[in-house]
Structure formats: C-alpha cells, structure tokens
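Engineer: structure here, sequence nowhere to be found:
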C-alpha cells in the first residue's frame, strides 16, 4: 500500500509582515517603549528563512544585533554589529563589526573593523575560512586592509552598507520624496552599485491578533533582490523582507538562536 503523501502548500509570493504572521514567524506585536528614538540603542533581529512551503522547512537560522552609539561632535556615530548564522554541514558563521558612520540619510560608513569567524559541527574554529580586516573611506577612495594585503578603489560619495540602512531608514520621513540613490557595500565587502530606496506607503497588517499600521520603504538595485523595510508608527524597523528571507525584530533573538545552534 502506497504511503500517503504529506500535504505541502507552496507559499509562492515574497514575504510580508502579514504572511510572516500566518506562517507563525512574526510572534506578538510589542508597542515601542516610551524612550525609543529612531536609530538609537540596541535592536535585535531573528534571521528567518522560508524554504518554499507553508507547513515545513521554515526556521530561524541566525540573529543580527545592532547597537548604535550616540552622535559625536564631528557628526558621526558608531554602530556595533553582531551576527551569527547557522549554515550547511554544521558550520556556524559569526560576524562582528564596528562601523563609524556619518549622520547622513544613509548612515554612510567612513571607517570600520570586521571580524569573520567560522566554526565546525564540534565548535572547532576553521581559520582557513575566517578573516579580520579594516576599512576606511576618505576623499572618494576606499582602502581595505587584511593582514599585509591592502586594496584601494574609487567609490561613490553616496555609499552605504546593508547593516547601516537598518539605522538610517528609521530616520527617514513617511512621505513620498525623491528616492535615495546610492551604492551598497554588502557585508562591508561586496560592492553593488545603482541602489534606490523610496517610501512605498503604508498598510494594515495583522500581528499578534492586532491590526497594526506599518510603513514600507523599498530598495531595488543591481545585484540585490527587492528588499522591503517595514516600520511602525514610532519609526522602528520591525521587519526587513527580501523574497524568502526576513529579519524580524525580537528582543530575545540572540539568546534563542544561540541556544538553538548549541543543540545542532
């Protein structure tokens, strides 16, 4: 007798906050604390992926933690980025970065230090896969140093990083202005030119049994999937969705994900 096949329903559409709630990924909605200010403090996100079906294969694979320091006298500020992602074959990728940014519309990075570390299934460090490097942008020239190697290249004066955008988009107004045009340094390493970010309006989403108004900014450009930043009325980035991957604001993200990774 043939085994009965388990039901699998194709998702078939890019992720949105309402869809994340339907799939059990979004959790409950927590209003912004009274002391919240756009772009300030610490924010944690679960990195969640959908493998194409509603019933199975969807999971939190990592976390992203962004800590923004206060502005200094020179009109810049520091971002501390911590990210950990579980990958195939039992590998875990840990990234730590400290980025000094301008307080402009896209939080343009001007100096940074990045550490990338891979560990194997037993927690052993894989030094051949990791790296430590520093970078600096001055006078339209980017200089990246890794050990004794140094790379220089000309870059646009409108350059940002994907992690910096988490902070920057929270300071943008909810109105249809001229779109922002910039180049993107993805992960502080991969340059992707011709990016555009614009306000795309607001809509109601069902989160934790409540109807919540969310505002959407959309980024498109060369070498990236369309990416939507979903903000609440307090200008918090609650979700960042890109096709089948989502960053979901969750104060317990780091604790939960690290516990799950230890169980692998």
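Structural biologist: Good, I have the coordinates. Computed from a predicted structure; not experimentally measured.

Engineer: may I have the phi/psi pair for the nearest residue to residue 56 once chain neighbours are set aside?
Structural biologist: Excluding its sequence neighbours, the residue lying closest to residue 56 (CB to CB, 6 or more residues apart in numbering) is residue 8, at 7.0 Å. Just so you know, the C-beta spots here come from the backbone N, C-alpha and C atoms, and that holds for glycine as well. With angles defined as degrees, to the nearest 10, residue 8 sits at phi -130, psi 120.

Engineer: isn't residue 8 up against residue 51?
Structural biologist: No - under the criterion of CB atoms under 8 Å, residue 8 is not in contact with residue 51, lying 10.3 Å apart.

Engineer: mind checking the longest strand of this protein?
Structural biologist: strand 190-207 (DSSP state E).

Engineer: go through it and flag the buried ones.
Structural biologist: Neighbour-count burial for strand 190-207, with 16 or more other CB atoms under 10 Å as criterion, is recorded at 195, 197-199, 205, 207.

Engineer: excluding chain neighbours, give the residue nearest to residue 100 in space.
Structural biologist: residue 111 (4.4 Å).

Engineer: which element is that neighbour on?
Structural biologist: strand 109-119 (DSSP states H and E).

Engineer: now residue 12
Structural biologist: Assigned by DSSP H and E, residue 12 belongs to no helix or strand.

Engineer: sorry, back to before: the helix or strand just after the longest strand of the chain to strand 190-207, inter-axis angle?
Structural biologist: Next helix or strand after strand 190-207 toward the C-terminus (DSSP H and E): strand 210-221. Inter-element angle recorded for strand 210-221 and strand 190-207: 160 degrees (by axes from the mean of the first three to the mean of the last three CA atoms, to 10 degrees).

Engineer: which other residues reach strand 210-221?
Structural biologist: For strand 210-221, contacts defined as CB atoms under 8 Å, 6 or more residues apart in numbering pick out 17, 29, 165, 169, 172, 174, 184, 192-206, 226-233, 238-239.

Engineer: returning to what we had before: from residue 52, how far off is the residue nearest to residue 56?
Structural biologist: Distance of residue 8 to residue 52, given as CB to CB, to the nearest Å: 9 Å.

Engineer: residue 236 too?
Structural biologist: Distance from residue 236 to residue 52, counting by CB to CB: 29 Å.

Engineer: more neighbours, those two?
Structural biologist: Shown here are residue 236 and residue 52; by other CB atoms under 10 Å, residue 236 has more neighbours (19 against 14).

Engineer: show me what contacts that one?
Structural biologist: 32, 36, 38, 43, 170, 249.

Engineer: ok, now residue 230?
Structural biologist: By CB under 8 Å, 6+ apart, the contact list for residue 230 reads 16-17, 205, 214-216, 237-241.

Engineer: let's go with 10 Å and repeat that
Structural biologist: Residues near residue 230 by CB atoms under 10 Å, 6 or more residues apart in numbering: 16-17, 20, 169, 200, 202-203, 205, 212, 214-217, 236-241, 246-249.

Engineer: likewise residue 242?
Structural biologist: Contacts of residue 242 by CB under 10 Å, 6+ apart are 14-15, 162, 219, 224-229.

Engineer: which one of these sits closest to residue 121?
Structural biologist: Within the contacts of residue 242, the smallest distance to residue 121 is 28.3 Å, found for residue 162 (CB to CB).

Engineer: and that closest one, backbone torsions?
Structural biologist: According to degrees, to the nearest 10, residue 162 has phi -60, psi -40.

Engineer: is the residue nearest to residue 92 when sequence neighbours are not counted bridged to anything, and to what?
Structural biologist: In this structure, residue 92 finds its nearest non-sequential neighbour in residue 119, 4.9 Å apart by CB to CB, 6+ apart. Beta bridges link residue 119 to residue 92, residue 125, judged by DSSP bridges.

Engineer: burial of residue 119, as a residue count?
Structural biologist: Using other CB under 10 Å: residue 119 sits among 18 other residues.
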